[in-house]
Structure formats: structure tokens, C-alpha cells
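Novice: pasted the sequence and its predicted model underneath.
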Amino acid sequence: MTEEYQLTFNDYISIIKRRWLYFLVPFILISAISAVIAIMIPPVYQSKGIILIESQQIPSQIVQSTVTGYVNERIQVIKQRILVRQSLLEVINKYGLFSKDKDKLSVSEQIELLREQIEVSPVVDDFGRQRVGRNGAVIAFNLGYEHREPLKAQAVANELVTLFLDENVKTRTARAAETTEFLNEEVKKLKSQLEKIEQEIVLFKEENSDALPENLGLNTSILERTENSIKTSKQRIDQIHQEIKFLEIELSAAKKTPNINQDQVVVLTPEQKLAQLQLTYSELTSEYTDHHPDVKKVIREIELITKEIEQPKAASDHAKTQKELGIDVARIHAQMEALNREIKTLNAQIVEQEEKRQNLEKVILKTPQVKNALLSLTRDYDNTLAQFKEMQAKELDADLAVSLEQQNKAERFTLIEAPLKPEAPIRPNRVKVFSAGLLIALLIGAGLVFLLELLNHQVWGEDAITRIISQRPLISIPYIQTSDELRKKRSLLIKLGMLFMVLLMMALLSLHVLYMPLDLLFYKIMLRLG
């Protein structure tokens, strides 16, 4: 057949008549094989439960949970916790998973395969959208397990649900306990800081007890009284000095006046004696020289009196002399001695008061610094005390949160649909497998026919010859089948029919044994067809 010739509908009918066997044999074989494959693929069953995420039952305004974070994040955290190697290995050993493949699969491969067979997915609505709450968080999720045996799928799914629920409670309680422990440590630290600051304040007040701010008024009052006392003492000293001057004048006058003692004897003072001797000396020197015995005697007496005046005798002699001098002189001396003693006392008091005043001034000047330092310590104490009370309140809230978690009154996971024994496998989809096999069989059969026609350059039919030679043949002789060819054709058809029946019986038997009893399958089909 040349390239210029275009096949017509009659040509396609002719090809089908000639090549139907090349199309039918691979179509039947591949369809049968696909049916066997669809039936022989081991079924995979999935059992899953639905876990509802319930919000906190007690209002958060009354008791605030200390477990924070997004629900989706906590679900993933719990999933990773229950999918650890040790936990999965216990599940494998408990339910005898992969018992047939233990020689082929290592422990790590078994664990990885088990992880792949576990499904944790949010619940979706009829449109494939996740069911979420007002805050966008998932409100429910599926937890399932896939296995070839439905009973094991259900048992393992129940085990995983139990692990998941227990791990959620344990995780939330542990987090709440960690928060409480943290707050407890913070309360202890703040309490220690409070005690330390209190001790610092006590020591600071002890060291600066005289310069405390509350004593400022008292210290100022004492300073004023001290200054007044010093001023009074100095005024008294000035007054005493005036009195002493008057007494000295009286004493000078008393010394010049002869005194009469108790024995009515005139008693002269050393000064009076010296004055008389000097007068006698003047009279004698006017008549005699210094070598005259009377002049010498007067000179000696003058020297003795002068020494007596310059160097007074012992206190007893001085008292005796004062007694001999007379009552007025003794009185004046006694007054002067008393005034001098009072001056000494007042000077001592002034020195003491001056020292006291200086100390008070230092204390008063130091008071603002002490006040600032004390205010700083008090401020630190107040701040720390406020933090301490706040932490105590948070610790109490955390203790309530722990009780909330332990009693399962906070946000919790509730199993609303327990894993059931699956009635039908989720894989494989035998209809899709068989349909794909039919499509492949159809394509292979048609492809084989097309390939054979493409490789065959024979010309078939008078229309093809007419188009090629542009002239119509004078006569067309049809193909005449011999009796032998007819017999072979009938034999082939019988064999093909028998093969088809055998394959059909095998497919029905496999479907009945491996997938579903035929009567039940027929009943389901009738239900779907209405």
C-alpha cells in the first residue's frame, strides 16, 4: 500500500475482518492478566479513629491553662513522641507485625514501614476542606493504621489511639508541671533577693543610725540647742572676765589698805611691805650710801619681798598669807578663784559642745546621701517585693493549671469514634486496576494490528487497485475459503471460546475467594444499579 492511498471506512472494516484475531488474542490475554492482577494484589485495610479536640471546660477567666501553642503543632509533637523507635518496636513485638517478613526486613526497616502505615490527618468536610474552629485551629483529626489483616489494623489503631491520648495528657501535665517548677524556682530566687535586700537595709541603718532621714529633725534641734549652749557659755565667759576685772580693781585697792587680822594686828601684804621698804630705801639713800648697814638691810628685805611676790610659796603658806592679809583680800581671792574655775569649766564645755556641733553638722550633711542610698535600697526592695508577689500569684495559677490538666478539665483530646474492624480494603482499587488493564489490552491489540498493517505492503480490495492504477479492474474474484481452512477456523474459535471461559471462571473464582463472595458482590451491584 503506497503513501498516496488514503484508507477508507471499508478498508478499516476489511482490516478488522483480516486482523481480528491479532487484536482479540492479546486483548483477552492482557485483560485476563489484569483481572488476575487486580484480584491477586493483597488488600490493605485501614482502621482509624476520630479524635475531637475539646476546648477548656472551665472558663479561662477563672483558671488559665499554662500549656500554650497551636493545636496543630501539639498534634505533630505528640505524633513524633509516639513514633519513637522504642514505642514502635514495642507495638511491633506486641502484635506480631511483619512476622512473615522478619527475615527480609531489618528492625529499622520495620519501624520505618510502620511509620508509613500510620496516618494522622485532619478531618475534612465533603468538599475536602479541613474542619477548623474560630481561631483557625483543627477541631478533629483522624488517627489510623493500615495492614493486610483487618483485625490487626483495628488492634494497632486502638493501641495508637490509646498512646496518643495518654501522651497528650502526659505532655500537657508535664508542661504545666515544668511551668510550676520554673515559677517555684523564681519565687525562691526572689525571696532570697528580698532577704538579702532586707539584711542590707538593716546593716545600712545600723551603720548610719545617726544620719537616718527620720532623725534629721531631731539632729537639727540638737544642733540648735548646742549652738545656743556654746553662745551662752561664751557670753558667760565674757561676763566672768568683766567680773574678774572688777575684782582685780577691788583686790588692788584692798592690797594697798592695811588689813587688821583677828588679833587686831595690822597685817601688811607683800606689796605693801615692798612699798614701805622702797619708801624707807629712798629715805636712807638720801642720807647714806648703799654700803651703809641700814641701806644694805633694806636692800636685802626688798630682794626677799620681791622673790616672795615673784615666787609664791606653797599653797598652805599662800593660804596662811591670805588669811593673814585679811577678810576682804581673802574674799576677793576666793571669788576670783571660783570665777577662774568656772571659766575652765565653761571652756571645757565649749570644747565638748564644739565637737558635738561638728559631729552633728557632719551627720546632717550626710543625711541626704543616706536618704538617697536608703531610697535606692527601699526602691529595690519594693520592686523585688512586687515581683515576688506577682510570681507568687503566677505560681498559684500554675498550681491550679496543673490540677486542671491532671483532672482533664483543660483542652483535651476525646475519642468520638473508636477504630472499627474494616469491612473493605482501602487498596487496591480493583476496578481501576482492571479498567487500566482493559485500556492497556485495547491499546496493545490495536497497536499490534496497526503495526502488522504498517509492515504489510500488500494491496487489498478493488478500490485500492483502482486508486493506484487510476483504472477500475474488469473483474473482481473474491477469496474462496477451503473446507480445511473453515475447519481450522472453527477449531480456533472453539479454542478461543474455551480459553475465554477458563479465564472467566478463574477470574470469578479468584474474585470469590480473594475479594468478596459472588452472591454478595452481585447483591451490591444490584443495590447500586437501583
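Specialist: Good, I have the coordinates.
Novice: and residue 473, how many neighbours?
Specialist: The burial count assigned to residue 473 is 10, neighbours taken as other C-beta atoms under 10 Å. C-betas here are computed from N, CA, C, even on glycine.
Novice: tell me the SS of it?
Specialist: coil (DSSP: H, G, I helix; E, B strand; the rest coil).
Novice: where does pLDDT dip in the stretch 401-530 of the chain?
Specialist: 401-402, 404-411, 457-470, 474, 476-479, 510-511, 513-516, 528-530 (pLDDT under 70).
Novice: all helices for it, in order.
Specialist: For the stretch 401-530 of the chain, the helices defined by DSSP state H, counting those that start in this stretch cover 430-455, 462-469, 483-510, 518-529.
Novice: possible to save those as JSON lines with mean neighbour count and distance to residue 103?
Specialist: What follows is those, written out as JSON lines (neighbours: other C-beta atoms under 10 Å; distance: least, C-beta to C-beta, whole Å):
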{"stretch": "helix 430-455", "mean neighbour count": "15", "distance to residue 103": "29"}
{"stretch": "helix 462-469", "mean neighbour count": "14", "distance to residue 103": "65"}
{"stretch": "helix 483-510", "mean neighbour count": "12", "distance to residue 103": "28"}
{"stretch": "helix 518-529", "mean neighbour count": "10", "distance to residue 103": "36"}
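Novice: among those helices, which comes closest to residue 187?
Specialist: Evaluated with C-beta to C-beta, the helices of the stretch 401-530 of the chain place helix 430-455 nearest to residue 187, the distance being 64.8 Å.
Novice: what's the angle between the closest one and helix 483-510?
Specialist: Counting by axes from the mean of the first three to the mean of the last three C-alpha atoms, to 10 degrees, helix 430-455 lies at 160 degrees to helix 483-510.
Novice: show me what helix 430-455 is packed against.
Specialist: Applying 3 or more C-beta pairs under 8 Å, 6 or more residues apart in numbering; DSSP states H and E, one finds that helix 430-455 contacts helix 9-40.
Novice: after the helix it packs on, next one along is what?
Specialist: strand 45-54 (DSSP states H and E).
Novice: and that following strand, how far from the chain's centre?
Specialist: 34 Å (C-alpha atoms, centre = their mean, to the nearest Å).
Novice: quick revisit: so which of the helices of the stretch 401-530 of the chain is nearest residue 80?
Specialist: helix 430-455 (34.1 Å).
Novice: angle of the closest one against helix 9-40?
Specialist: Using the same axes, to 10 degrees, helix 430-455 lies at 140 degrees relative to helix 9-40.
Novice: show me this protein divided up by domain.
Specialist: 9-41+428-529, 45-188+399-417, 214-384 (automatic domain parsing).
Novice: just say which of the ones you listed is most tucked in.
Specialist: Mean neighbour count, computed with mean count of other C-beta atoms under 10 Å, is highest for domain 45-188+399-417 among these, reaching a mean of 16.
Novice: now that domain, how far from the chain's geometric center?
Specialist: Chain-centre distance of domain 45-188+399-417: 25 Å, with C-alpha atoms, centre = their mean.
Novice: start and end of it, how far apart?
Specialist: Length of domain 45-188+399-417, first residue to last, C-alpha to C-alpha, to the nearest Å: 17 Å.
Novice: still on that earlier bit, format the domains of the chain as CSV; extra columns: distance to residue 393.
Specialist: Below are those laid out as CSV (distance: least, C-beta to C-beta, whole Å):
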stretch, distance to residue 393
domain 9-41+428-529, 60
domain 45-188+399-417, 10
domain 214-384, 15
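Novice: out of those domains, which comes closest to residue 198?
Specialist: domain 214-384 (6.9 Å).
Novice: quick one on the thing from earlier: to residue 391, which of the domains of the chain lies closest?
Specialist: domain 45-188+399-417 (4.8 Å).
Novice: hang on, the earlier thing: rebuild the helices of the stretch 401-530 of the chain as CSV, extending it with distance to residue 97.
Specialist: As requested, the helices of the stretch 401-530 of the chain are arranged in CSV below (distance: least, C-beta to C-beta, whole Å):
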stretch, distance to residue 97
helix 430-455, 25
helix 462-469, 66
helix 483-510, 27
helix 518-529, 29
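Novice: where do the helices sit along the stretch 151-300 of the chain?
Specialist: Here the stretch 151-300 of the chain has its helices, by DSSP H, counting those that start in this stretch, at 216-256, 270-285, 293-310.
Novice: lowest-confidence stretch among those helices?
Specialist: Among the helices of the stretch 151-300 of the chain, helix 270-285 has the lowest mean pLDDT, at a mean of 73.
Novice: can I get that helix as PDB, trimmed to CA atoms?
Specialist: Taking Å, rounded to 0.1, in the frame of the first residue of the first chain, the C-alpha atoms of helix 270-285 are listed here in PDB:
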ATOM      1  CA  PRO A 270      54.000  91.700 150.500                       C
ATOM      2  CA  GLU A 271      53.200  94.500 148.100                       C
ATOM      3  CA  GLN A 272      52.500  96.900 151.000                       C
ATOM      4  CA  LYS A 273      55.700  95.800 152.700                       C
ATOM      5  CA  LEU A 274      57.600  96.300 149.400                       C
ATOM      6  CA  ALA A 275      56.100  99.800 149.100                       C
ATOM      7  CA  GLN A 276      57.100 100.700 152.600                       C
ATOM      8  CA  LEU A 277      60.600  99.200 152.100                       C
ATOM      9  CA  GLN A 278      61.000 101.200 148.900                       C
ATOM     10  CA  LEU A 279      60.000 104.300 150.700                       C
ATOM     11  CA  THR A 280      62.500 103.600 153.500                       C
ATOM     12  CA  TYR A 281      65.100 102.800 151.000                       C
ATOM     13  CA  SER A 282      64.500 106.300 149.300                       C
ATOM     14  CA  GLU A 283      64.800 108.000 152.700                       C
ATOM     15  CA  LEU A 284      68.000 106.100 153.700                       C
ATOM     16  CA  THR A 285      69.700 106.600 150.300                       C
END
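Novice: and it with helix 216-256, angle?
Specialist: On the basis of the same axes, to 10 degrees, helix 270-285 is oriented at 30 degrees to helix 216-256.
Novice: which strands or helices does helix 270-285 pack on?
Specialist: Packing partners of helix 270-285 (3+ C-beta pairs under 8 Å, 6+ apart): helix 216-256, helix 293-310.
Novice: relative to residue 442, which of those helices is closest?
Specialist: Per C-beta to C-beta, nearest to residue 442 of the helices and strands packed on helix 270-285: helix 216-256, 110.7 Å.
Novice: returning to that earlier point: dump the helices of the stretch 151-300 of the chain to JSON lines, plus distance to residue 502.
Specialist: Listed next are the helices of the stretch 151-300 of the chain as JSON lines, based on distance: least, C-beta to C-beta, whole Å:
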{"stretch": "helix 216-256", "distance to residue 502": "120"}
{"stretch": "helix 270-285", "distance to residue 502": "176"}
{"stretch": "helix 293-310", "distance to residue 502": "170"}
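Novice: residue 500 is nearest to which of those helices?
Specialist: Closest approach to residue 500 among these (C-beta to C-beta): helix 216-256, 120.1 Å.
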